[in-house]
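Q: Prediction below, plus the sequence it came from.
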Amino acid sequence: GTYKSIVDTGACAACPTGTFSANVGAESVADCTTCPPGADTSSDGSTTIEDCLCDARTYIRQLSNGTTDCETCPVGGKCSDGHCALSVAPPACPDGEEVVGTWTRGEDGQYLLVDCPTNYQLMNSTTLSSTGDFSHYLQQCVACPLGEYILHPL
C-alpha cells in the first residue's frame, strides 16, 4: 500500500484512495493498481484488490484473466434497502436481513443461484429472459403462492 520514489530516510508514501499495491519496494505511484471501474478503497494505503469496494448495489467479480469489475447484483441477491448481499462473504445484508437461496460463483466470477429452500421456486432459467438467454440479473427464489407447492423441484 506504499511506495518510495527517492532513496532517503523519509517515510514511504501511501497509495492514494482508489488504488492498492501489495508490492514491497514499489518505487512510484504508478506501482499502485487502480481499482476496477465503479469500485473505490475506503482510505489511502490499501494493499489488496479486496480493499476495493464496489457500489452498494454491485459486487466485485474476478475474471479468469485476472482482471476485476463491479457486477450488477441479481434481483434475488439484493437486500430490501437495495444493497447487494453478494458483496460480502457469506452473503449478508447490513441490517441482518438474509437473502433467500444458495449462491455460488461460476467460472466467470459471476454469482449463480443454485438452490432455493422448501416452498420457493428457483427462477434462473432461460424462461425469465425476453431473448430466451440466461439472465444473470433475474435470478431469484420466488415463494410459492399460498395453497400451492412445487411437485417436482429441479
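A: Sure, I can see it.

Q: now the most centrally placed residue in the chain: how far from P74?
A: Within the chain, the residue whose C-alpha comes closest to the C-alpha centroid is Y59; the distance, by Cα atoms, centre = their mean, is 2.1 Å. Taking Cβ to Cβ, to the nearest Å as the criterion, Y59 is separated from P74 by 9 Å. Just so you know, the C-beta spots here come from the backbone N, C-alpha and C atoms, and that holds for glycine as well.

Q: coming back round to it: ok, the residue nearest to the centre of the chain touching C84?
A: Yes: here Y59 reaches C84: they are 5.1 Å apart, a contact under Cβ atoms under 8 Å.

Q: what do the two both touch?
A: Taking Cβ atoms under 8 Å, 6 or more residues apart in numbering as the contact rule, the neighbours common to Y59 and C84 are 73, 77.

Q: can you pull out the strands in the protein?
A: Using DSSP state E, the strands assigned to the chain run over residues 2-3, 13-14, 19-20, 33-34, 39-40, 53-54, 58-62, 68-72, 102-105, 111-115, 120-123, 140-143.

Q: Show residues contacting the first one.
A: With contacts defined as Cβ under 8 Å, 6+ apart, strand 2-3 is touched by 12-15, 21, 23, 26-29, 31-32, 45.

Q: do the last one as well
A: The list of residues contacting strand 140-143 from outside it, by Cβ under 8 Å, 6+ apart, reads 74-76, 100-101, 113, 116-117, 119-124.

Q: Need these in JSON lines (columns: distance to L146, pLDDT and neighbour count).
A: Formatted as JSON lines, the entries for the contacts of strand 140-143 read as follows, by distance: Cβ to Cβ, whole Å; pLDDT from 0 to 100; neighbours: other Cβ atoms under 10 Å:
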{"residue": "P74", "distance to L146": "25", "pLDDT": "94", "neighbour count": "24"}
{"residue": "V75", "distance to L146": "22", "pLDDT": "94", "neighbour count": "17"}
{"residue": "G76", "distance to L146": "20", "pLDDT": "95", "neighbour count": "24"}
{"residue": "V100", "distance to L146": "17", "pLDDT": "94", "neighbour count": "15"}
{"residue": "G101", "distance to L146": "20", "pLDDT": "94", "neighbour count": "21"}
{"residue": "L113", "distance to L146": "23", "pLDDT": "93", "neighbour count": "24"}
{"residue": "C116", "distance to L146": "17", "pLDDT": "92", "neighbour count": "21"}
{"residue": "P117", "distance to L146": "16", "pLDDT": "91", "neighbour count": "10"}
{"residue": "N119", "distance to L146": "10", "pLDDT": "88", "neighbour count": "11"}
{"residue": "Y120", "distance to L146": "13", "pLDDT": "90", "neighbour count": "18"}
{"residue": "Q121", "distance to L146": "14", "pLDDT": "88", "neighbour count": "15"}
{"residue": "L122", "distance to L146": "19", "pLDDT": "88", "neighbour count": "19"}
{"residue": "M123", "distance to L146": "18", "pLDDT": "85", "neighbour count": "18"}
{"residue": "N124", "distance to L146": "23", "pLDDT": "75", "neighbour count": "20"}
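
Q: Alright, that wraps it up for me.
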